[in-house]
Every structure is written in C-alpha cells, then in structure tokens.
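Novice: here is a sequence together with a model predicted from it:
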Amino acid sequence: MSENVKKQLLLNVGLPSDLPKRSKKSRTSKRKKSEPTLIKKVDAVPAKPLAPAYDVQEAQDVVFKANEGPQTDFLSSSEREVLYGGAAGGGKSYAMLADPLHGLNNANFSGLLVRHTTEELRELIQKSQELYPRAIPGIKWSERKSQWISPRGGRLWMSYLDKDMDVTRYQGQAFNWIGFDELTQWSSPYAWDYMRSRLRSAYSKELGLYMRATTNPGGAGHQWVKKMFIDPSPYNKSFWATNIETGDTITFPKGHTKEGEPLFKRRFIPASLFDNPYLSEGGDYEAMLLSLPEHQRKQLLDGNWDVNEGAAFPEFNRSIHVIDPFKIPQSWSRFRACDYGYGSHTGVLWLAVSPSDQLIVYRELYCSKVTATDLADMILNAEQEDGTIRYGVLDSSLWHKRGDTGPSLAEQMNMKGCRWRPSDRSKGSRVAGKNELHRRLQVDEFTDEPRLVFMSTCTNTISQIPALPLDKNNSEDVDTKSEDHLYDALRYGIMTRPRSSIWDFNPATQRSGFQASDPTFGY
C-alpha cells in the first residue's frame, strides 16, 4: 500500500497522519488495547482513491452533432416515410448520411442510399468516407460492392438509379432502411414506389422500416413530390399516407383483417439555410442565393414549394393565403361553385364572404367518375350544417342537351334540390376571370389582408393554384391542358360579384308584396 493511501486511510478513521513509527513490540501491545475500535472503523470506511480531474469537452470526440431544430427532428422521426428539405443549405446531405448510423452496428441492418446519377453519388461517397470511419471505428468500404460493412456486420449500399428500370437490380433484395438524396431529380414516383416493395426485414420490430428522402423545391419531380409530401398536411405534421392521384388515404383492402385501416404515416420536415449555423453565419452563401432569379431564390432561399417558373399566379403565398380552419359565422353569405367532369375530375368549392368582402374558400370536393345526381347528393350532404347557401354557379355547358331529349346534367341536379345558375362562359370570360383572381390574391392596402384566402383543409386547391402554368400561346390565360378543374370552379365563383352588404338582396328571405316562386333564381 502506498504512503498516500495509508495517509488517506488514517484520515478516514479519524487518526493523525503523522504518528511516529513504533517498534514491532509496541505496535502489538497498542493493537491489543484498541483493536476492537480500530478494526471497526477501518472496515466501515474503505479507501477510495480519487480519480484525476479531466476536461469533458476535450475528452469527447464529437464526429457529428445534429443542429437543433429540423435536423434533429429528421434524425428522431418515427414515421415510415419522411422528406427533409426545402431551402438550400439546411444540412440535408449530412443528415441523410447520419440517419442510418443508428443501425449499422447491428448485424441484421441492411440499408440502401441512392442518388440519381453516378456523378452525384461520388460526392455522397466522399462525404461518407469522411464521416463513417470516425463514427464507427473499424468500418470498411468496399469499392467493388459500393458498400459499407461495419465490424458487427451491418451493411449500407450506396448506389444510383438513373432510369426507372434500374430498380430491377434490387429485385428480390430486402432493406430495412432506404434513402433517396435529392428526390425531385426523379421525374416520376416510379422508383420511390417500387423501392417501397423492397422495404422488408425479418428484424423490423428490432430495427424498424424506414424510407427517407431529402430535396429542394424544383426539378423534374417537383409536382409529384409536392403531392406526396407537401400538399396533404401542414409542414412538420405527421399524416397518413395518401394516394397522390386521388388524395385519399391509402388503406388496407376489402377482405383484409385490417380492412379500412390506414397503412402508414408520412411527414415533411422543412429546413432553411438559417437552421444551419455552420453555413449561414458568414452570410456569403445567403448573398449568393439572394442574387438568383426570383423563382429560384424563392425555391432555394425561402424553400417555397408553390413557386414554378412560368407559373400563372406567382403572387400566391402559402403563408399569406392559407389560414387555419375556423367556424364561419351564420350571418356571413355563403355560395358554391362547380366545374363538372365525369371522366376527368369534378371540382366543387364553397365560399364565404366576410364583412370586409374578403372571400374565404372553406371547403372543397374533388372527385372523379361521379354522376351528376350522385354529385348533387354529395353536395347537399356536405352542406347540411352550413345554413343558407345563397346560390351555386355551375359550368354553363352542363345545360346543353348535346343531342339528347332528356334533362341536362344541370337540370338533373336542380331536380334533386341542388340548385345552380349558369356560369359566364362568354368570349373573354377566361381572361377576365384570371385577372380577377390576380386582384383577389393581392393584399388590400386598407385591411392589410388578401382579398381571397383558403382554409388549410382545401389541400387540392392549395396545390393546384400555384402550380398552374401559363398558356405558351396566350400569356393572358392558363394552360388548359393542366389540372385546372378547381381553378375553373374558383374562377366561376369569384366572377359572380359576391359581396357582403346590408343592401344585398336575398330572395330566400324576401318578405315584400311580391313572393318569389323560385328563391334560388329570384323569379
């Protein structure tokens, strides 16, 4: 026992540390007199040498630390499919590389990280070679297999998917983690949907099943990515996966033990340059983004998904024109507008007029392959608690008999009690309607609010309006080949001169000597 430990022991039992040395005889004699007390104290307080102090910060080798906010949300998200991105500079690539690290030390982990081309893949591999050997000592990179192998057996492939048919390389394989870096570079959802079928594992309860993606707005796949992750739900809120064509929640099929239950959840986590202090503090990258053309600046600096080059309504701003749902007061005027289509789509919008004459689109109905009479029933059922609907305006072409002798589609709905009046489809009405929508989207200088807003529940309308392109042959109109059904319904509605005024005439409540026989049309 060292001299320091002896001294510490003596201090612990309450004896002086500088006792003079005794002879063997005297030590024995003394121990006999005080042995019971001394042994009891030594046994009760064992020697505890103190560990040397050290600097905690210097002792830690921090390989990667997630930025607080979106990057941390992404790495801790539990949804099956998650998209991380928005503005440039948000730390997307490092977040994507860090996400599979949670499983690589498990022998049963099998992951796949892809880019669109081999050139883009090289950059990702280079970043992984800087990060992985420090994060997992002993991990090996196989150039031939393009694969990381951890000391405990976990594997991560890094590959590319240039063409849709490249997915066949993975036929028969199974992964419990799949990542797509820069998802909008894929022009269609084919690769994403197919690779979902490769997401399977006998150890899913232990490791989970995850698909992860990062991207900026823009690119060939902007629209389908927007429909899949951006439009169905407010930002950063988990939602049940929907069909991007119909907007319906994807559920287990009829006859399944879980029939009607939703399949899995998705989530979009937005990030901006200012969520990444390592890149934003200097200000140089921000200055570069500010120098870009307007639509690119809004996409890459603001992370705006509602901006497209050649968009018909660039003034649409989700932060201004989209509001949280609220209960419309019964005293506010309400009306509806519809663009009907059986083979394509039918769009119905319900609008309310506030006392300041602001229009609020508070409900939408978007469907296909629905007959006129069935549509009438769906509309009447939806507005049961709305109170009085002042009027409805419908595409005037539905009054055309088109060679038959029976009732027109508009007449069929009127006979069901779903009353309409024809829209204006005269020459120049499309251009006039577009101009009126521009005016409505502007912020009123007196109220500091736009003249038209949409409740966030109207997801299809919010998706379609900013995505509408201009007609290449007529810059005064939108491209009629685009998905414009809800736009047409909106155009019909806003051109009916809706107002909220004490001077408005409501034939449904008219009590003069003349009683209208038809309270909808007023005659």
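Specialist: Yes, it's here. As the structure is a computational prediction, the values presented were derived from the model and not from experiment. Numbering: from 1, shown residues only.

Novice: next one: Ser197 from Ala191, what distance?
Specialist: In this structure, Ser197 lies at 11 Å from Ala191, with CB to CB, to the nearest Å as the measure. Every C-beta, even on glycine, is put in place using the N, C-alpha and C of the backbone.

Novice: cool, and Ala376?
Specialist: Plainly put, Ala376 is 42 Å away from Ala191 if you go by CB to CB.

Novice: Ser197 and Ala191: who's more crowded?
Specialist: Ala191 (22 against 11; other CB atoms under 10 Å).

Novice: for that one, what is the enclosing helix or strand?
Specialist: Per DSSP states H and E: Ala191 is located in helix 190-196.

Novice: name the residues of that helix that are buried.
Specialist: Ala191, Trp192, Tyr194, Met195, Arg196 (16 or more other CB atoms under 10 Å).

Novice: output the contacting helices and strands for it.
Specialist: strand 177-181, strand 210-215 (3 or more CB pairs under 8 Å, 6 or more residues apart in numbering; DSSP states H and E).

Novice: let me have those in CSV, extended by mean neighbour count and distance to Phe239.
Specialist: Supplementary listing: those in CSV, determined by neighbours: other CB atoms under 10 Å; distance: least, CB to CB, whole Å:
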stretch, mean neighbour count, distance to Phe239
strand 177-181, 24, 19
strand 210-215, 24, 15
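
Novice: and these: which comes nearest Ser429?
Specialist: If you check each of the helices and strands packed on helix 190-196 against Ser429 by CB to CB, strand 210-215 wins as the nearest, at 38.8 Å.

Novice: helix or strand right after the closest one?
Specialist: Next in sequence after strand 210-215, counting helices and strands by DSSP H and E, comes helix 222-225.

Novice: now that next one: mean pLDDT?
Specialist: Per-residue pLDDT values across helix 222-225 average out to 86.

Novice: centre of the chain to it, how far?
Specialist: If you compare the mean C-alpha spot of helix 222-225 with that of the full chain, they lie 12 Å apart, counting by CA atoms, centre = their mean, to the nearest Å.

Novice: got the contact list for Gly493?
Specialist: Gly493 makes contacts with Phe335, Arg336, Ala337, Leu349, Leu351, Leu359, Val393, as judged by CB atoms under 8 Å, 6 or more residues apart in numbering.

Novice: CA atoms of the helix or strand where the last one lies as CSV?
Specialist: To tie it back to what came earlier, the one meant is Val393. When elements are assigned from DSSP H and E, Val393 belongs to strand 391-394. Included here for strand 391-394 are C-alpha records, laid out as CSV according to Å, rounded to 0.1, in the frame of the first residue of the first chain:
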residue,chain,number,x,y,z
TYR,A,391,-76.6,30.4,-54.7
GLY,A,392,-74.5,28.0,-56.7
VAL,A,393,-72.7,28.7,-60.0
LEU,A,394,-72.1,25.8,-62.4
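
Novice: mind listing the strands that strand pairs with, and their directions?
Specialist: Paired neighbours of strand 391-394 in the sheet (DSSP bridges): strand 333-339 (parallel), strand 421-422 (parallel).

Novice: wait, Glu206 sits on Gly103?
Specialist: No: taking contact to mean CB atoms under 8 Å, the distance of 9.2 Å between Glu206 and Gly103 leaves them out of contact.

Novice: those two - which one has more neighbours?
Specialist: Taking Glu206 and Gly103 together and counting by other CB under 10 Å, Gly103 has the greater number of neighbours (22 against 12).

Novice: returning to that earlier point: can you list the helices and strands packed on helix 190-196 in CSV and add distance to Gly138 and mean pLDDT?
Specialist: Formatted as CSV, the entries for the helices and strands packed on helix 190-196 read as follows, by distance: least, CB to CB, whole Å; pLDDT from 0 to 100:
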stretch, distance to Gly138, mean pLDDT
strand 177-181, 20, 95
strand 210-215, 25, 94
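
Novice: I'd like to know which of these is closest to Asn414.
Specialist: With respect to Asn414, and counting by CB to CB, the nearest of the helices and strands packed on helix 190-196 is strand 210-215 at 47.4 Å.

Novice: rewinding a little: in TSV, list the strands paired with strand 391-394 along with distance to Glu383.
Specialist: Shown next, in TSV, are the strands paired with strand 391-394 (distance: least, CB to CB, whole Å):
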stretch	distance to Glu383
strand 333-339	7
strand 421-422	16
